[in-house]
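K.L.:
Okay, predicted coordinates and the sequence, questions at the end:
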Amino acid sequence: MTPAERLGVQVEINAALSASADAMGEGRLHKKAKSSAIDALGLHFKTIGRTVYLAEELAVLYPGEKPFSPDVLAVLDVEQPEDDERMAWVVADEGKGPDLVLEVLHHGDRDKDLVENVARYAHLGISEYFVYDRLRQQIHGYRLTGPDASRYQPIVPQLGHYRSGVLGLDLAIIGDNLRFLSGEATLPVSADLIGRLQGMMENLQTKAQQAQAQADHALSDGLREGLLAILDARGLTCPDEARARIESCAEPSTLRRWLLRAKTVDSVEQVFPPGLPEPEAL
């Protein structure tokens, strides 16, 4: 396309999208469903190393057709740069159109998503089209069955799962949310991964605390045994009250101070003089 033609395309796109009916959003739940789909699919394809371009509400322009902005589109074998500067998907420039479109229907135009788009997207040659009817918690799936097909065939669900050949995944409603599945495994979203990571960190922290407590307990046991052994070796009688105090102490730092005193004092009472606070260090 020439610069003048490209400018004309951008003007046409902006004009089409500025209409109130097209620009009006459907609210936070609608936005959340779209963003969650992009999030889950993006993580999945990065993990398996598959090249797929994903976009949310990106204007699409076919030659001679009115622009449209699907909630989610997927294009196979197209890289998705981190700093993607596309303002629109211009089919004449890209050399191909979307392979899959997903629309999220909440309080929007049902005829547009379930009737008009079914005919339009098939006419444009988009291989698969899915509608997530969030309000009614239903999925509608459509597929072109051959390279020359001009009409969609409904995708028949299997146990509530709608197979996408484009994505190599199943779509299903789980817990009142649209989710994607690879085999029997539900694809995670970023929030799931963050939750798992936090759980792992908390588990590691708990184990570290438990290990430290066990180490302190073992150290205290050793210090108590050492203290009593020193008193016995030096022939210093340990009254029951003093022995109970030693055996009830679980602070390694305190037991160390007592043990060091026991090496030089003349009586057990001097290890921990009654009524005197323990010093910070010996």
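P.N.:
Great, that's in hand.
K.L.:
contacting residues for the most centrally placed residue in the chain?
P.N.:
What sits nearest the mean C-alpha location of the chain, by Cα atoms, centre = their mean, is Ser190, with 1.6 Å. Ser190 makes contacts with Asp39, Leu43, as judged by Cβ atoms under 8 Å, 6 or more residues apart in numbering. For glycine as for every other residue, the C-beta is placed from the backbone atoms N, C-alpha and C.
K.L.:
Just the pLDDT at it, thanks.
P.N.:
pLDDT, Ser190: 71.
K.L.:
what about it, distance to His44?
P.N.:
Here Ser190 is placed at a distance of 12 Å from His44 (Cβ to Cβ, to the nearest Å).
K.L.:
What of Ser36?
P.N.:
Using Cβ to Cβ, Ser36 is found at 12 Å from His44.
K.L.:
same check, this time on Val268
P.N.:
In terms of Cβ to Cβ, Val268 sits 70 Å off from His44.
K.L.:
neighbours around the spatially closest residue to Ala149 that is not a sequence neighbour, how many?
P.N.:
Computed as Cβ to Cβ, 6 or more residues apart in numbering, the closest residue to Ala149 that is not its neighbour in sequence is Ala122, at 7.5 Å. Around Ala122 there are 19 other residues, counting by other Cβ atoms under 10 Å.
K.L.:
my guess is Ala122 contacts Tyr152, does it?
P.N.:
Yes. In this structure, Ala122 is within contact of Tyr152 by Cβ atoms under 8 Å, at 4.5 Å.
K.L.:
which residues are in contact with both of these two?
P.N.:
By Cβ under 8 Å, 6+ apart, the residues touching both Ala122 and Tyr152 are Tyr129, Tyr142, Leu144.
K.L.:
Neighbour-wise, give me the winner out of these.
P.N.:
Counting by other Cβ under 10 Å, top hit in those: Tyr129 with 25 neighbours.
K.L.:
So what touches the host helix or strand of that one?
P.N.:
Secondary structure assignment for Tyr129, by DSSP states H and E: strand 128-133. Contacts with strand 128-133, where a contact means Cβ under 8 Å, 6+ apart, come from 33, 37, 99-105, 113-114, 117-118, 121-122, 138-144, 152, 155, 162, 164-166, 171, 173, 178.
K.L.:
Stretch 249-267 too?
P.N.:
216-217, 219-220, 223-224, 226-227, 230-231, 234, 236, 246, 270-272, 278-279, 281-282.
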